[in-house]
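> From the sequence below, what's the structure:
(one chain, ligands or ions: 1)
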Amino acid sequence: MPRRLKELHEEITRTLSGVVESPRREAELLLIAYLGKDQLYFITHQDEMIDELDPRLLEWVAKRSANVPLEYLTNRVSFYSREFYIDEGALIPRPETELLIDEVLSRVSAHEAITIVEVGVGSGIISIMLALHLPNARLIAVDISPKALAVARCNIETFGLADRIELREGDLLSCVDEKIDLLVSNPPYIAHNAPLESNLSYEPQNALFGGEIGDEIIRKLLDEVYGRRIPIFACEMGCDQRNKVQEYLKPFAVQSLEFYTDYASLDRGFVLKAVHE
Ligand SMILES: C[S@@+](CC[C@H](N)C(=O)[O-])C[C@H]1O[C@@H](n2cnc3c(N)ncnc32)[C@H](O)[C@@H]1O
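Residues are numbered from 1 along each chain as shown. Predicted coordinates:
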């Protein structure tokens, strides 16, 4: 049955009500992606007649009702005011990770020719934003997951950064021999048995879980910082991991260890400047 865009919007909003937090907004985003248009088009074409519905839209609505993340249905995610491709191969970027990028950018001058290594590149958002802001930096971005690397590759090519960001498949820094000026990571940091919201079950589990306790990968990266004499390490972490990081670093020489908080004022990460005697 043909109907107007605004009627379809109402219909999908009703279906998603009580299931997702912002049904109206999500119905709008689904329709924008379905039409392959932008928000301006959506707002200005409310009376457009939609003649026949592609089963793809009905499938999206059904899957969203089953809590599949919207971003995996539309293959679009917004981060740091840019749009990125995303699929189930990589973690959906979270807004708080923008703060990690800001922490790095506030400590590096724009034209420095440094080598930055990212461990756990996922969709590529961190390395891409750093490459865009730091035109002389060389980036090496590692992930253990070939599926995540495929998502990162897609985004890196879209942004025209294939000659600036080198992707490597490997475990932590095992595939990096170069001298590293700055290490950055949003590693998996959730404990294996932590209770999680159901939508997280759709995301790659090796992007979420850091080990039995949760901070195992962070500790391994701290060991790498001292083993390889890396001057700066910027890292996202869980809101309850500040003490563990401080405790772990006690035997090491530290020039500064600054923690930052997220939009909910929870501890979310740190920047370590290490001393290498
Ligand atoms: C929390 S996600 C971060 C993804 C992306 N950087 C972001 O901020 O949205 C962690 C990433 O680390 C990768 N990873 C997990 N264990 C790893 C390891 N041992 N070595 C390298 N990458 C790893 C996962 O595949 C995942 O892509």
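> Check the residue nearest to the spatial centre of the chain and give its pLDDT.
Nearest to the mean C-alpha position of the chain, by CA atoms, centre = their mean, lies Pro93 at 2.6 Å. Looking at Pro93, its pLDDT stands at 98.
> likewise Glu52?
For Glu52, the predicted pLDDT is 77.
> what's near enough to touch it?
Pro2 (CB atoms under 8 Å, 6 or more residues apart in numbering). Where C-beta positions appear, they are placed from N, C-alpha and C, glycine not excepted.
> try 7 Å
By CB atoms under 7 Å, 6 or more residues apart in numbering, the contact set of Glu52 is empty.
> That one: what secondary structure?
State at Glu52, reduced to three classes by DSSP: H, G, I helix; E, B strand; the rest coil: coil.
> for the ligand, what are the nearby residues on the stretch 51-200 of the chain?
Counting by CB under 6 Å from any ligand atom, the stretch 51-200 of the chain comes close to the ligand at 90-91, 93, 97, 119-123, 125-126, 142-145, 148, 171-172, 186-188.
> Please spell out the PyMOL selection for the buried subset of those.
To isolate the buried members of these in PyMOL, using 16 or more other CB atoms under 10 Å:
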select buried, resi 90+91+93+97+119+120+121+122+123+125+126+142+143+144+145+148+172+186+187+188
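> Show the residue spans covered by the helices in the protein.
For the chain, helices defined by DSSP state H occupy the ranges 5-16, 23-35, 39-44, 55-65, 70-74, 97-105, 125-133, 146-158, 205-208, 216-227, 242-249.
> Mind listing residues that contact stretch 59-74?
12, 15-16, 19-20, 26, 29-30, 33, 77, 86-88, 92, 198-199, 202.
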